[in-house]
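# Whatever this is, show me its structure:
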Amino acid sequence: MKKTLFISSLLLSLNSYAGSLVCTGTVETVAYHGNNQLMVKLSSMNTPVFFCNPETTWTVAGADGRTMGPETCKSLFAIFLSARATKEPISRVHFDGNSVPTSCTGFQSWQKVFIRYVNY
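Residues are numbered from 1 along each chain as shown. Model prediction:
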């Protein structure tokens with residue numbers, strides 16, 4: 001009985017870390033960081049997050065096996081640059097991954113996320 005409860009709680013805890021979150025707002029930060037990683041921060045977010053690598057396929061744990069290729073990464077970066085330059089709000093950015101918080105103000109510094117959807 002104890003073994004069954006332990007295994008059940010372990011499985012539940014593994015699944016509970018995968019997150020999904022939608023944030024909106026204007027683009028406040030678009031950045032490049034060493035090791036070929038791009039970052040973005042919307043006005044509703046507390047800190048920038050890493051969202052892709054323009055040189056290789058991007059994936060993060062908890063994103064259901066989804067990947068972002070280098071060309072998509074560059075296109076998404078261009079969308080964010082355009083939104084930053086025009087100050088037009090982005091109506092929806094859908095973040096996935098094990099480290100995605102429950103609110104847009106709960107991101108950790110240097111956090112990696114997977115962007116599943118952007119509506120600009």
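# Report all helices and strands that the longest helix anywhere in the chain contacts.
If you go by DSSP state H, the chain has its longest helix at helix 70-86. On a contact count with 3 or more Cβ pairs under 8 Å, 6 or more residues apart in numbering; DSSP states H and E, helix 70-86 meets strand 27-33, strand 37-42, strand 49-52, strand 114-119. C-beta here means a position set from N, CA and C on the backbone, and glycine is covered the same way.
# Among the ones you listed, single out whichever gets nearest to residue 79.
The closest of the helices and strands packed on helix 70-86 to residue 79 is strand 114-119. By Cβ to Cβ, the value is 6.1 Å.
# Run the angle between the closest one and strand 37-42 for me.
Strand 114-119 runs at 50 degrees relative to strand 37-42, counting by axes from the mean of the first three to the mean of the last three Cα atoms, to 10 degrees.
# ok, residues contacting stretch 90-105?
17-27, 40, 42, 44-46, 49, 60-64, 66, 80, 83, 107-108, 111-120 (Cβ atoms under 8 Å, 6 or more residues apart in numbering).
# For ChimeraX, write the select line for the buried members of these.
Buried residues among these (16 or more other Cβ atoms under 10 Å), as a ChimeraX selection:
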select :19,21,23,25,27,40,42,44,45,49,60,62,63,80,83,107,111,112,113,114,115,116,118
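# If we go by neighbour counts, what in the longest helix of the chain is buried?
Within helix 70-86, the residues scored as buried using 16+ other Cβ under 10 Å are 73, 76, 77, 79, 80, 83, 84.
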